[in-house]
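Q: Show me the folded form of this:
(chains A and B)
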Amino acid sequence: MSPLTSLLIRGATLPDGTATDLLVDHGVIAERGSGLSQTGSTVIDAAGLQALPGLVDLHTHLREPGFEQSETVLSGSRAAAAGGFTAVHAMANTSPVADTAGVVEQVASLGEQHGYTTVRPVGAVTVGLAGERLSEIGAMAQSRAAVRVFSDDGRCVSDALLMRRALEYVKTFGGVIAQHSQEPRLTEGAQMNEGALSSELGLAGWPAVAEEAIIARDVLLAQHVGARLHVCHLSTAGSVEVIRWAKARGIRVTAEVAPHHLLLDEQLVAGYDARFKVNPPLRRSEDVLALRAALAEGVIDIVATDHAPHPIETKECAWQEASFGMVGLETALSVVQAAVVDSGQMSWADVARVLSGKPAEIGRLSGYDAPFTVGAPANVTLVDPGARRVFGVELLRGKSVNTPYLGRELPGRVVATVHRGVPTVLDGELRTPEEVANHVE
Amino acid sequence: MRHLLSVRDLDRGAAVGILDLAEDMADVATRAVPRLPTLRGRTVANLFFEDSTRTRLSFEAAAKRLSADVITFSAKGSSVSKGESLKDTAQTIAAMGIDAVVLRHPASGAARVLADGQWIDAAVINAGDGMHEHPTQGLLDAFTMRKAVHGTASRGTGLDGLRVTIVGDILHSRVARSNIWLLKTLGASVHLVGPETLLPAGVGAWPVTSGTDLDDALAGKPDVVMMLRVQGERMHAAYFPNEREYSRQWGLDDARLARLAPDTMVMHPGPMNRGLEISSAAADSARSLVLDQVANGVSIRMAVLYLVLSGSEGRGAV
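A: Below you'll find the predicted structure:
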């Protein structure tokens, strides 16, 4: 298939529930309607499939440069495409840290070259993520990578003055600070959610207040300086209440939740299986329910994967020696379907909002504001919501296998992903790097 | 019994069974040659990723009294300090052909991970994992209490109605956890005393009562007062202001000792900080069972080794 070959998607159900054909040509939606035809097009029979705008992840760890044994831009891009994502935001905790224009441009161009997904680098807020001096935010914003999201993710910008300055400074470039909200002193050595279970298991607790206190401080700082704040992977019912309060006061804050926090709770820690070790930790079942409700209600704006690949030896060990994190790109959509769609709390239109439109808006990523309209970039994901499968490592497409969903039945299956008009997944299978990379203009 | 990872895996029958078997093992110690041929040809590996002289010696003595071979591995100066993982160390030792691993590890759940990991097929005995559990300590404490209450008529009995007060750093104590669950299983009631900072989060959900006032607790005339070791580094992490204040509020000093009923049992898992959580007079008083605890530890560990090894075919004995 040459880059100029068109693609005809027949009979897809759009998020609003209507069914239509879509003709994709030259990377954009060329026509929309019923009974479309085009000689020479590749045809995808999408009858019974749910069409979604290409998914956008605001929180991905691609590990390159520096940790290529866990993931690379290529392997992570493939995992993203397999999960229905057409854009990911690559977190800054690489080695070297993404705190200069050089590193972010390198990461962005690797993504561009591979073609599976748009890779938008996230810039570090502070040099080396050390929490001491601001990194070259302006240089990264004005680089070819055009960075708009800045985060020390993995570490909290805990110094209140530095956080204030960062919030103010990124306003200059239309950026946003994505905060990993974790009061460091309250979480020294923390291993799991603090409560009766952590006490019983003898694991140092990660109290909810360590997240909530930082969010409360940050929304007040954002209000004080009139800046935009994004809260990463919010995990507690109390955090939801702080965000609700802040939004009611008109503070410009957005919040994300990770898929695993919508489905899994702390009881899974009881067997000390480090696949369930993640930061922030799995919380109580009450928190899981509160997060689902807040997402449905719009208090939480988006779902972001916090895809965090780790080599197997950092999970095959005693709990407190294991790394924090789970891979999540391949499973995110299925987990969201299981947690809030199949339960009737959210529609597919809501899913399109929390996994595509809104994250693109927060990241200032263009091309996602009017999906499925003629002329819009053709970023499309086709899902079979009726599929059910027992999840196994053979369904992962990245380099690492640290998933908490092994052996769990999950609904839904990504049948096709189209990135800027180029199919990256067809018939549920990734296309080869050659097929995809050839399409990059 | 395949492994001993947590006292919570023991129902009352199993727990009483171990205590009864330990009675038989204790009788062996009184013989002219205190040794049984039972585990001849079996190999027990003591894997100690954390220093613990008394527990290690107790397991060694127990294995030797049952005629097992013992390999001891201590982390200090070994490959572990060079970053070798639990998995690699365990597999290395297992490749030498061992039947049981006695594991002491600073990480909570390490014994469970080793047993569930399918890296080795040896039996795993938890000799203390982080802040989680120390099952043989819980068993030897229960054995000691039962012996003190029932004497030679101990066999078959539990600890029904016994009132046990555990004092000190409950938060970081694996000994407290193993005692709490096992004592409950055996019918005793448990009261925890310590500063709020050292009582675990969510303790209200545990099957115990708890409080902060030691004098109040002692006024309730408990049958057993178990003092826990307090580690000096705790005060640097702001759990309490200093040793003097701790000792004044939660130490078993001479004045508190004098107020105890004559038959109150005073226990301590050791090693003791004399003058901090327990005065010398209390540690050495007639009420103190500290040395009985040590002696009974060997009997309990003999019983546990016997139970996990007697059901399996010997791997070391080819």
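Q: Find the helix or strand that residue B:146 is a member of.
A: For residue B:146, the element it lies in under DSSP states H and E is helix B:135-150.
Q: after that helix comes which helix or strand?
A: With DSSP H and E, the next secondary element past helix B:135-150 is strand B:163-167.
Q: For the helix or strand just after that next one, enumerate the helices and strands it packs against.
A: Next helix or strand after strand B:163-167 toward the C-terminus (DSSP H and E): helix B:174-185. In terms of contacts (3 or more C-beta pairs under 8 Å, 6 or more residues apart in numbering or on different chains; DSSP states H and E), helix B:174-185 is packed against helix B:12-29, helix B:135-150, strand B:163-167, strand B:189-193. Every C-beta, even on glycine, is put in place using the N, C-alpha and C of the backbone.
Q: As TSV, those with distance to chain A and mean pLDDT would be great.
A: Output for those, formatted as TSV (distance: least, C-beta to the nearest C-beta, whole Å; pLDDT from 0 to 100):
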stretch	distance to chain A	mean pLDDT
helix B:12-29	18	95
helix B:135-150	13	98
strand B:163-167	14	98
strand B:189-193	11	98
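Q: can you list the ones you listed in TSV and add mean neighbour count?
A: Formatted as TSV, the entries for the helices and strands packed on helix B:174-185 read as follows, by neighbours: other C-beta atoms under 10 Å in any protein chain shown:
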stretch	mean neighbour count
helix B:12-29	18
helix B:135-150	25
strand B:163-167	23
strand B:189-193	23
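Q: Report the contact partners of residue B:251.
A: Counting by C-beta atoms under 8 Å, 6 or more residues apart in numbering or on different chains, residue B:251 touches B:276, B:277, B:278, B:279.
Q: Quick check, the last one in contact with residue B:248.
A: Looking back up the chat, that one is residue B:279. No. Using C-beta atoms under 8 Å, residue B:279 and residue B:248 do not qualify as a contacting pair, with a distance of 12.0 Å.
Q: what about the spatially most central residue of chain B, distance to residue B:182?
A: Residue closest to the average C-alpha location in chain B (C-alpha atoms, centre = their mean): residue B:137, at 1.4 Å. Using C-beta to C-beta, to the nearest Å, one obtains 10 Å as the distance from residue B:137 to residue B:182.
Q: Spell out which parts of chain B neighbour chain A.
A: For chain B, the residues in contact with chain A under the definition C-beta under 8 Å from any C-beta of the partner chain are B:85-87, B:105-110, B:112-113, B:116-117, B:129-133, B:171, B:174, B:177, B:200-206.
Q: Restricted to strands, list those residues.
A: Counting by DSSP state E, the part of those found in strands is B:105, B:129.
Q: ok so, going back, could the helices and strands packed on helix B:174-185 go into TSV alongside distance to residue A:262?
A: Converted to TSV, the helices and strands packed on helix B:174-185 look like this (distance: least, C-beta to C-beta, whole Å):
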stretch	distance to residue A:262
helix B:12-29	40
helix B:135-150	37
strand B:163-167	39
strand B:189-193	36
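Q: quick one, what contacts the residue nearest to the centre of chain B?
A: The neighbours of residue B:137, taking C-beta under 8 Å, 6+ apart as the test, are B:55, B:128, B:174, B:175, B:178, B:179, B:269, B:297.
Q: Would you mind finding the longest helix in the chain?
A: As the question left the chain open, I've gone with chain A. Counting residues, the longest helix found in chain A (DSSP state H) is helix A:208-225.
Q: my bad, chain B
A: In terms of residue count, the longest helix belonging to chain B (DSSP H) is helix B:290-310.
Q: same for it, what does it pack against?
A: Taking 3+ C-beta pairs under 8 Å, 6+ apart as the contact cut, helix B:290-310 packs with helix B:12-29, helix B:53-65, strand B:100-105, strand B:123-129, helix B:135-150, strand B:265-267.
Q: any idea how far the first one is from the chain center?
A: Right, helix B:12-29. The chain centroid and the centroid of helix B:12-29 are separated by 15 Å, computed with C-alpha atoms, centre = their mean, to the nearest Å.
Q: Done for today, thanks.
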